[in-house]
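In: Got a predicted structure here, sequence first:
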Amino acid sequence: MSVSDPVADMLTKIRNASRAKLEKADIMPSKLKLEVIKILKNEGYIKNFKKITDKDSGKSFIRVIMKYDEASNPIIHGIKSVSTPGRRVYTGYKKIPRVFNGYGTVIVSTSIGVTTGKKAVQNKVGGEILCTVW
């Protein structure tokens, strides 16, 4: 089965794994997904990730290690896809939205690469809003 929106599929797998309190989630790799996962790691929403290649089948995937607090509550309270293949959402750097008054993170695909909303504003570049995390 082909996936029409691979980024939304990745976000759904991460959301479901955190709600089910799973230790890890396996995601099919792509450059865009890897950049989004790197941002989630740098912002502290996931514990770690690594790219793994299965020796038997030769297929590769990204294993995301989920992060929880002391009471076993997930760090990711919500993760939402903004742009879809049918409706791309673009914005200038002056109008990049804030998530929960700055407590959340906006992930934006810009001309300098995939970055957070704060860094896009600092570099004065706009782009496509991929997702929001809080």
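Out: Yes, it's here. Numbers count the residues shown, from 1 in each chain.

In: which outside residues touch the longest helix along the chain?
Out: Across the chain, the longest stretch assigned as helix under DSSP state H is helix 6-19. With CB atoms under 8 Å, 6 or more residues apart in numbering as the test, helix 6-19 has contacts from 3, 24-28, 30, 32-33, 36-37, 40, 46, 64, 66, 74-76, 78-81, 83-84, 130-131. All C-beta atoms are positioned from the backbone trio N, CA, C, and that covers glycine.

In: try 6 Å
Out: For helix 6-19, contacts defined as CB atoms under 6 Å, 6 or more residues apart in numbering pick out 3, 25, 27, 33, 66, 74, 76, 79, 81, 131.

In: In the protein, which residue is most central in space?
Out: With distances taken as CA atoms, centre = their mean, residue 36 lies nearest the centre of the chain, 4.2 Å away.

In: which stretches of this structure have low pLDDT?
Out: 1-3 (pLDDT under 70).

In: Please enumerate the strands of it.
Out: 24-27, 46-53, 60-66, 79-81, 90-91, 105-110, 113-116, 127-133 (DSSP state E).

In: Just say which of those is most tucked in.
Out: strand 105-110 (a mean of 23; mean count of other CB atoms under 10 Å).

In: Who does it pair with, and is each partner parallel or antiparallel?
Out: strand 113-116 (antiparallel), strand 127-133 (antiparallel) (DSSP bridges).

In: Can you tell me which of the contacts of helix 6-19 comes closest to residue 58?
Out: Nearest to residue 58, judged by CB to CB, of those is residue 27 at 17.3 Å.

In: From residue 110, how far out is that closest one?
Out: Distance of residue 27 to residue 110, given as CB to CB, to the nearest Å: 23 Å.

In: again with residue 57
Out: 35 Å.

In: same question, residue 17
Out: In terms of CB to CB, residue 17 sits 28 Å off from residue 110.

In: again, but for residue 37
Out: Taking CB to CB, one finds residue 37 at 17 Å from residue 110.

In: do residue 124 as well
Out: 10 Å.

In: Equivalent analysis for residue 16, please.
Out: For residue 16 relative to residue 110 (CB to CB), the value is 28 Å.
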